[in-house]
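Novice: model the structure of this input:
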Amino acid sequence: MSFLAILFRVPGKGGWTFAPVPDEHAPLETGPWGRVPVIATVDGQSWSTSVWKDKTHGTLLAVPKRIRRGKGDGDVVEVSILLDTGR
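Specialist: You can find the predicted model right below:
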């Protein structure tokens, strides 16, 4: 199941860009440091990564530049995540 997310960038040099994951789409279990391995898809581009829980923003998916394809802070993307049980 997919959802729409508004990308946000952490300010500062080298700041990462994230897609917040709504609670209803966030994995229930957490691994070390609150991380959960997933296979993420953003606007049709898939990769193996992790989501993690942040006390301020909830569950977050870091979206690398190569996946965003020119999109950034404030842009809307379509996201889906599946648990990666192989890792």
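
Novice: show me the strands in the chain, by range?
Specialist: Taking DSSP state E as the criterion, the chain carries its strands at 2-6, 8-9, 17-21, 35-42, 45-54, 58-62, 76-83.

Novice: mind checking pLDDT for the residue located most distally from the centre of the chain?
Specialist: The centre of the chain is farthest from one residue, Lys13, which by Cα atoms, centre = their mean lies 20.0 Å away. pLDDT for Lys13: 88.

Novice: state the distance from Gly86 to Val38.
Specialist: Distance of Gly86 to Val38, given as Cβ to Cβ, to the nearest Å: 11 Å. In this view, the C-beta of every residue, glycine as well, is placed from N, C-alpha and C.

Novice: tell me which of these two has more neighbours.
Specialist: Applying other Cβ atoms under 10 Å to Gly86 and Val38 shows that Val38 carries more neighbours, namely 22 against 7.

Novice: quick one: residues contacting that one.
Specialist: 27, 48-51, 61, 81-84 (Cβ atoms under 8 Å, 6 or more residues apart in numbering).

Novice: where's the dip in pLDDT among these?
Specialist: Pro27 (88).

Novice: okay but that one is in contact with Val36, surely?
Specialist: Yes. Under the criterion of Cβ atoms under 8 Å, Pro27 is in contact with Val36, at a separation of 4.4 Å.

Novice: common neighbours of those two, please.
Specialist: In contact with both Pro27 and Val36: 51, 83, using Cβ under 8 Å, 6+ apart.

Novice: Val36: neighbour count?
Specialist: 21.

Novice: one more: Asp23?
Specialist: Asp23: 9 neighbours (other Cβ under 10 Å).

Novice: who's in contact with it?
Specialist: 58-59.

Novice: that one and Asp54, how far apart?
Specialist: Distance, Asp23 to Asp54, using Cβ to Cβ: 13 Å.

Novice: equivalent analysis for His25, please.
Specialist: 15 Å.

Novice: the more surrounded of those two?
Specialist: Counted by other Cβ under 10 Å, His25 and Asp54 do not tie: His25 has more neighbours, with 17 against 12.
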